[in-house]
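# 3D, please:
(one chain, ligands or ions: 1)
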Amino acid sequence: MMETVHVGLEGREYDIHIGPGLLAQTGTFIGPFLKRKHVCVVTDENVAALHLDTLRDGLAAEGIGFEALVLPAGESTKNWLHLERTVEWLLAQRVERSDLVVALGGGVIGDLTGFAAAILRRGVGFVQIPTSLLAQVDSSVGGKTGINSPLGKNLIGAFHQPRLVLADIDVLGTLTPRDFLAGYGEVVKYGMLGDVNFFEWLEAQGPKLAAGDVAARIEAVKRSCEMKAEIVMRDETEQGDRALLNLGHTFCHALEAATGYGDRLLHGEGVAVGCALAFELSARLGLCSQEDPSRVRQHLHEMGMKVDLKDIEGDLPDADTLLDLMGQDKKVVDGQLRFILARGIGKSFVTADVPRDTVRALLVEELSAR
Ligand SMILES: NC(=O)c1ccc[n+]([C@@H]2O[C@H](COP(=O)([O-])OP(=O)(O)OC[C@H]3O[C@@H](n4cnc5c(N)ncnc54)[C@H](O)[C@@H]3O)[C@@H](O)[C@H]2O)c1
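Here you go, the predicted model:
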């Protein structure tokens with residue numbers, strides 16, 4: 001039942017294995033990459049309580065020893081303090097350049113650990129074992145690693161590709177429904193940005209997938225990883241096409257900043273709301289038909305996801321403040337906001353040619369509907 005997606009970056013290529021029960025077989029997968037039979041694992045408290053024993057047994061079965069650093073769960077762990085703690089811990093464990101560091105967790109642990117591996121001894125290898133849906137379909141693939149600054153998200157980081165990604169579909173079973181659906185925001189994003197057939201498949205299979213169907217989950221993770229891998233191979237360091245993966249993110253980053261990067265709005269929830277806004281904006285600019293944003297919204301509604309600004313609890317700032325927050329986005333070039341818009345579902349493109357007034361009018365309308 002295992003599927004493999006290959007990321008064919010010359011000199012930095014790796015496989016993403018996707019299937020049930022992979023955690024228990026970690027030793028078999030990792031063994032061939034190890035010079036000595038020992039790994040350092042970084043994880044968070046939630047994941048450690050649920051899955052660290054399985055990983056330990058999976059490594060022990062192949063005679064591989066391990067030490068683990070268990071960090072607090074949550075976005076606030078992706079900071080200088082925990083980066084320093086992780087790097088110093090890895091040094092204290094005498095990790096050498098030929099060793100592998102293992103990231104076991106969601107996007108927070110993957111980003112932080114990957115960055116620690118990138119700067120430790122000028123770069124040691126690392127393995128991603130993503131445990132959230134978001135991490136399996138997005139953050140564990142493509143080599144973006146980093147931490148947040150008080151000035152913004154993901155502003156400090158490096159490109160550092162993993163040596164291997166193990167996406168065990170079974171571990172998704174312990175996610176809260178809310179965290180699972182937040183990850184689904186990134187899954188459906190792939191359909192919207194580049195594959196209408198995948199979007200259609202999700203319209204039909206999404207509810208089954210959310211309910212726990214293993215085959216549907218494997219297929220969704222596989223197709224998402226294929227699409228991400230394909231874009232990363234074309235444009236590893238985001239000089240062009242990789243920006244398409246940011247569909248919905250200009251709005252999302254402003255909304256995350258406005259809601260304090262916390263429980264009010266999870267990243268994947270913000271992506272879904274942002275995608276709905278990006279399609280609405282595209283329709284208003286005459287790029288796609290009005291049916292496209294309606295169809296996007298309908299699917300997100302059917303999945304029980306946040307769709308509109310009114311679905312975000314608590315106060316939001318006014319349209320001008322949201323626009324200013326969008327101006328902090330990493331996609332800003334020479335002060336010009338860049339958006340990912342669409343000529344239809346599956347047909348996205350990057351543009352800086354968006355009148356500020358049109359975005360403002362859309363935000364004013366959405367905010368007044370709250
Ligand atoms: N590097 C990239 O390309 C990239 C892409 C997208 C997002 N990201 C980053 O990813 C982060 C978000 O990732 P996330 O949503 O995985 O957040 P997360 O790592 O905080 O995980 C969400 C929650 O789920 C818990 N969890 C994880 N796996 C679990 C499991 N199997 N069972 C039970 N609980 C589990 C975690 O402990 C946490 O509480 C953000 O920091 C974002 O910037 C990075």
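# pretty sure Val165 sits against Tyr14.
Yes - contact between Val165 and Tyr14 holds when scored by C-beta atoms under 8 Å: they sit 6.8 Å apart. For every residue, glycine as well, the C-beta is placed using N, CA and C.
# these two: which has the busier surroundings?
Using other C-beta atoms under 10 Å as the criterion, Val165 and Tyr14 rank with Val165 on top: 28 against 21.
# show me what the more buried one is bridged to.
Ile16, Gln128 (DSSP bridges).
# contact partners for Ile345?
Contact analysis of Ile345 by C-beta atoms under 8 Å, 6 or more residues apart in numbering lists Gly191, Met192, Val196, Phe199, Phe279, Cys288, Asp292, Arg295, Val296.
# rerun that using 7 Å as the cut-off
Ile345 makes contact with Met192, Val196, Phe199, Asp292, Arg295, according to C-beta atoms under 7 Å, 6 or more residues apart in numbering.
# and stretch 21-39, anywhere near the ligand?
No - Stretch 21-39 lies apart from the ligand when judged by C-beta under 6 Å from any ligand atom; the minimum separation is 9.7 Å.
# which residues touch that stretch?
With contact meaning C-beta under 7 Å, 6+ apart, stretch 21-39 is reached by 17, 51, 54-55, 57-59, 61-66, 98, 100, 102, 127, 129, 163-164, 166, 168, 170-171.
# shaky segments in the stretch 201-350 of the chain?
For the stretch 201-350 of the chain, the stretches with pLDDT under 70 are 329-335.
# ok, the residue of it found nearest the ligand to Ile231 distance?
Closest residue of the stretch 201-350 of the chain to the ligand, C-beta to the nearest ligand atom: His267 (4.9 Å). Distance, His267 to Ile231, using C-beta to C-beta, to the nearest Å: 19 Å.
# get me the contact residues on the chain for the ligand.
By the rule C-beta under 6 Å from any ligand atom, the part of the chain lying against the ligand is 44, 46-47, 50, 73-75, 78, 105-109, 111, 131-132, 134-135, 138-139, 142, 144, 153-154, 171, 174-175, 179, 182, 267.
# and Ala135, what pLDDT?
Among the per-residue scores, Ala135 holds a pLDDT of 98.
# let me see the contact set for it.
Per C-beta under 7 Å, 6+ apart, neighbours of Ala135: Gly106, Gly107, Gly110.
# so the second one touches Ser139, yeah?
Spelled out, that is Gly107. Yes - under the criterion of C-beta atoms under 7 Å, Gly107 makes contact with Ser139 at 3.6 Å.
# secondary structure class for Gly11?
Classification of Gly11 by DSSP: H, G, I helix; E, B strand; the rest coil places it in coil.
# please read the previous query as pertaining to Arg297.
Following three-state DSSP, we place Arg297 in the helix state.
# looking at this, Leu155 is in a strand?
Yes - per three-state DSSP, Leu155 lies within a strand segment.
# just to revisit the earlier point, filter the residues of the chain next to the ligand to the buried ones?
Burial by neighbour count, 16 or more other C-beta atoms under 10 Å: within the residues of the chain next to the ligand this picks out 44, 46-47, 73, 75, 78, 105-109, 111, 131-132, 134-135, 138-139, 142, 144, 153-154, 171, 175, 179, 182, 267.
# so which strand or helix has Arg223?
helix 214-234 (DSSP states H and E).
# buried stuff in that helix?
Neighbour counts using 16+ other C-beta under 10 Å place 216-229, 231-233 of helix 214-234 among the buried residues.
# go on, stretch 82-101?
His82, Leu83, Arg85, Thr86, Val87, Trp89, Leu90, Val95, Asp99, Leu100, Val101.
# tell me which of the residues you listed is nearest to the ligand?
His82 (12.2 Å).
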